[in-house]
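Novice: 3D model of this:
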Amino acid sequence: MTVHYASYGSNMDDRRFKPYVLGGPVPGTDIVERGSSDRTPIDLDRSTLVQVPGLLFTAGNSQRWDGKGVAFVDLADGRGHETIMRTYPLSEQQFADVVTQELDAGEPLRVDIDRVVEQGAVQVSPGAYGTVFHLGTIDGEPLLTFTAPFRADEVVHNNPNTAYVARIRDGLVNAGLDANAAKAYVNATPGSKLGLTVPAHVAANREGPEPGRRGTSESLTPPGRSRGIGSRHRGERVPASPLATPLARIAAAIPSVRQMAESYARLDRGWDSRGRLTNPGGGLTVYRRDGGVDKALDQGLSH
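Specialist: A predicted model of the protein is given here:
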């Protein structure tokens, strides 16, 4: 079965992503990826950009990115934010091997695609990128992404470094987005700004998430019906999109915000006694808000 992996961080740059499948060095870095057991080349002609409702944010300390933050997406945020994702067609084995490498996991992980499609979200590992979400379909094939088991307002945010931001911008351009539009998205996309500024609703709740908040019950926009970027939800003004023309939405009806929130509610956050979540290989640590961590001991944590 072919699945479509929806990337939203540095993997949007295919030059950075391909070594996860083919193995070998990542251009411009000293990183060498072991690659997938299935070395079938990625069909970049089928790679596309899609626009998915959700809040992009950056958090954690990544050893690969100089101790700075990396991207996650809150798919249960119902405030009109949009995240651009770049899709790649992969085999089931390739997708599972990409998740394994993102988590720095030693043993290969198994991703039960049928279960993900049926349940909407499945934790395949306790790490920060160990939860696989079903977003819809492309050409009748599952569209999947993986991100954290936590929501945006549950964790301490941390800015990315310039190289990480450049990977996202370059990936957008390589996939066909106008360079000015890509720059505008990186610098000013509603609700994300790649950690350069904290999203308004997160800043308002910086002392701690609103008790019991799990998103709204409003349905996300199904295909063919545009809610309109920049539309307003009660109590919040959503900025206009930096994109002149909205990208295509995913090809099947997206789960509602309520369904996504219910998925998050049953996920195990995996915090340790000090309020930290670390990938199995130790390369990335994320910090729970008000988790009791002495942030002064963690270089690169900026908030």
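
Novice: who's in contact with stretch 98-112?
Specialist: With Cβ atoms under 8 Å, 6 or more residues apart in numbering as the test, stretch 98-112 has contacts from 5, 20-21, 33-34, 36-37, 90, 92, 95-97, 122, 124-125, 127-130, 132, 146, 279-284. All C-beta atoms are positioned from the backbone trio N, CA, C, and that covers glycine.

Novice: 7 Å instead, please
Specialist: With contact meaning Cβ atoms under 7 Å, 6 or more residues apart in numbering, stretch 98-112 is reached by 5, 20, 33-34, 92, 95-97, 122, 124-125, 127, 129-130, 132, 146, 279-283.

Novice: do the same with stretch 60-75
Specialist: Identification of contacts with stretch 60-75 by Cβ under 7 Å, 6+ apart yields 8-9, 31, 54-59, 83, 128, 133, 147-148, 151-152, 157-161, 163-164, 195, 260, 283-286, 298-301.

Novice: which residues does residue 25 form a beta bridge with?
Specialist: On the basis of DSSP bridges, residue 25 is bridged to residue 32.

Novice: ok now do it, which residues does it touch?
Specialist: Residue 25 touches 19, 31-32, counting by Cβ under 7 Å, 6+ apart.

Novice: Closest one of those residues to residue 118?
Specialist: residue 19 (31.7 Å; Cβ to Cβ).

Novice: re the thing from before, highest neighbour count among the contacts of residue 25?
Specialist: residue 19 (20 neighbours; other Cβ atoms under 10 Å).

Novice: Tell me the pLDDT of residue 258.
Specialist: Predicted confidence (pLDDT) for residue 258: 83.

Novice: neighbours around it, how many?
Specialist: Close neighbours of residue 258, defined as other Cβ under 10 Å, add up to 17.

Novice: can you check residue 14 too?
Specialist: 17.

Novice: Wait, it touches residue 174, no?
Specialist: Yes - with contact defined as Cβ atoms under 7 Å, residue 14 and residue 174 form a contacting pair (6.0 Å).

Novice: Now list the buried members of the contacts of stretch 60-75.
Specialist: Burial by neighbour count, 16 or more other Cβ atoms under 10 Å: within the contacts of stretch 60-75 this picks out 8-9, 54-59, 83, 128, 133, 147-148, 151-152, 157-161, 164, 195, 260, 283-286, 298, 300-301.

Novice: Which of the residues you listed fall within helices?
Specialist: Among these, DSSP state H puts 164, 260 in helices.

Novice: In strands, which of the buried ones among the contacts of stretch 60-75 appear?
Specialist: 55-59, 83, 133, 147, 284-286 (DSSP state E).

Novice: how about a markdown table for those, with distance to residue 47 added?
Specialist: What follows is those, written out as a markdown table (distance: Cβ to Cβ, whole Å):
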| residue | distance to residue 47 |
| --- | --- |
| 55 | 24 |
| 56 | 19 |
| 57 | 24 |
| 58 | 23 |
| 59 | 26 |
| 83 | 17 |
| 133 | 19 |
| 147 | 19 |
| 284 | 25 |
| 285 | 31 |
| 286 | 28 |
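
Novice: Fine, thanks again, bye for now.
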